[in-house]
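Trainee: Have a look; sequence and predicted model below, questions after that.
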Amino acid sequence: MKAQKAGKDLKEQLEKAGIEDSSLEAELLTRHAGNLTRVEFYAGADLVTKELESLHGFASRRLKNEPSAYILGAREFYGMKFQVSPSVLIPRPETELLVQLVSGEIHDNDTVIDIGTGSGCIAISLFDQTSQSKIIGTDISTLALQQAQKNAVEHKTEISFIRSHLASSIRIADIIVANLPYIPTNELAKLPKEIKNWEPLHALNGGHTGIELLSELISDCGQRLKPRLIALEVGFGQAKNIARLLKKQDASTEIHHDLAGIERVVIGRWS
Ligand SMILES: C[S@@+](CC[C@H](N)C(=O)[O-])C[C@H]1O[C@@H](n2cnc3c(N)ncnc32)[C@H](O)[C@@H]1O
């Protein structure tokens, strides 16, 4: 069967099931089944029986709301490919703003800590942008750290990964960057099925207020670690609260908007 025809059939199935971007998703899954480039797909490549069987497997997983990034095993972030599995959050495009803002702030020999590193996408992208600095990724999840380590090796980056509650195992930091869980516990049930049923809860749950981990990290930074700069991704409506917590720790603050116009990153500076 022509891959393009198989892709069209899958698109219709996904569309019927209410899955967004059905056309792109169907193409990516079909190309993955046949190991086809975009050009091969559109130039009329065939899928052999085994490949069609794989595609049926992918389709049934996607129809059970498994995110396509887990089925494909990868997601692109900041122009690089990261391996992902259900042990890590799928990197989001809005998080690229953190990398963009922080990479311009790193000086030679700085120690940069990525708290809650997940797939390692922030730490690895920062290393790729500024290979001068010492970059450390921390996470509470051993499985996430293993995934981050694999990605670091894949991208030939020298990053250390440490299991730690927030920055508690860190003694020195010039820059702290973090995309920590920020969804209030009572809002988790309202998330789309493909997030709440598939992505790890420890990567989403920000506690009762949503900002519990962020608050703890901010006071640890203000009182003990004293980095030069902290950059935090925040959820919708949280930025002003986070800026207030940073000011309480004598930091000067800035709020940056993502491409959707949402207040997404709060930066705190200590001089
Ligand atoms: C929203 S995900 C972000 C992952 C990755 N940095 C990204 O941007 O795609 C949050 C990460 O924080 C980790 N995490 C949750 N609680 C933590 C804690 N107390 N200390 C360190 N990391 C934690 C989770 O395991 C998860 O990998």
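Mentor: Looks like it arrived, so ask away.

Trainee: all strands of the stretch 101-250 of the chain, in order?
Mentor: 111-115, 134-139, 159-163, 175-178, 229-233 (DSSP state E, counting those that start in this stretch).

Trainee: Of those strands, give the one that comes closest to the ligand.
Mentor: Between the ligand and these, the tightest spacing by CB to the nearest ligand atom is seen for strand 134-139, at 4.6 Å. Every C-beta, even on glycine, is put in place using the N, C-alpha and C of the backbone.

Trainee: so is Phe82 in a helix, a strand, or just coil?
Mentor: Of the three states, Phe82 takes strand under DSSP: H, G, I helix; E, B strand; the rest coil.

Trainee: That one and the ligand: what is the separation?
Mentor: Distance from Phe82 to the ligand, counting by CB to the nearest ligand atom, to the nearest Å: 9 Å.

Trainee: Dump the strands of the stretch 101-250 of the chain to TSV, plus mean neighbour count and mean pLDDT.
Mentor: Compiled in TSV, these are given as follows (neighbours: other CB atoms under 10 Å; pLDDT from 0 to 100):
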stretch	mean neighbour count	mean pLDDT
strand 111-115	27	98
strand 134-139	24	97
strand 159-163	17	97
strand 175-178	26	98
strand 229-233	26	98
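
Trainee: CSV for these, including distance to Leu191?
Mentor: CSV is the format used below for those (distance: least, CB to CB, whole Å):
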stretch, distance to Leu191
strand 111-115, 22
strand 134-139, 21
strand 159-163, 26
strand 175-178, 21
strand 229-233, 17
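
Trainee: Tell me which of those strands sits nearest to Leu101.
Mentor: Leu101 sits nearest to strand 229-233 of all those, at 5.8 Å, using CB to CB.

Trainee: by how many degrees do the closest one and strand 111-115 diverge?
Mentor: Computed by axes from the mean of the first three to the mean of the last three CA atoms, to 10 degrees, the angle separating strand 229-233 from strand 111-115 equals 20 degrees.

Trainee: Can I get strand 229-233 as CSV, trimmed to CA atoms?
Mentor: The C-alpha trace of strand 229-233 is given here as CSV (Å, rounded to 0.1, in the frame of the first residue of the first chain):
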residue,chain,number,x,y,z
LEU,A,229,20.2,35.2,38.2
ILE,A,230,17.2,32.9,38.3
ALA,A,231,14.9,32.2,35.4
LEU,A,232,11.6,30.4,36.0
GLU,A,233,8.9,29.2,33.7
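
Trainee: Which neighbouring elements make contact with it?
Mentor: Counting contacts by 3 or more CB pairs under 8 Å, 6 or more residues apart in numbering; DSSP states H and E, strand 229-233 is packed against helix 96-103, strand 175-178, helix 212-220, strand 263-269.

Trainee: element containing Thr253?
Mentor: Element membership for Thr253, per DSSP states H and E: strand 252-257.

Trainee: Pull the number of nearby residues for the residue nearest to Lys150 when sequence neighbours are not counted.
Mentor: Excluding the flanking residues, the one nearest Lys150 by CB to CB, 6 or more residues apart in numbering is Gln83, at 5.9 Å. Here the number of neighbours of Gln83 (other CB atoms under 10 Å) works out to 17.
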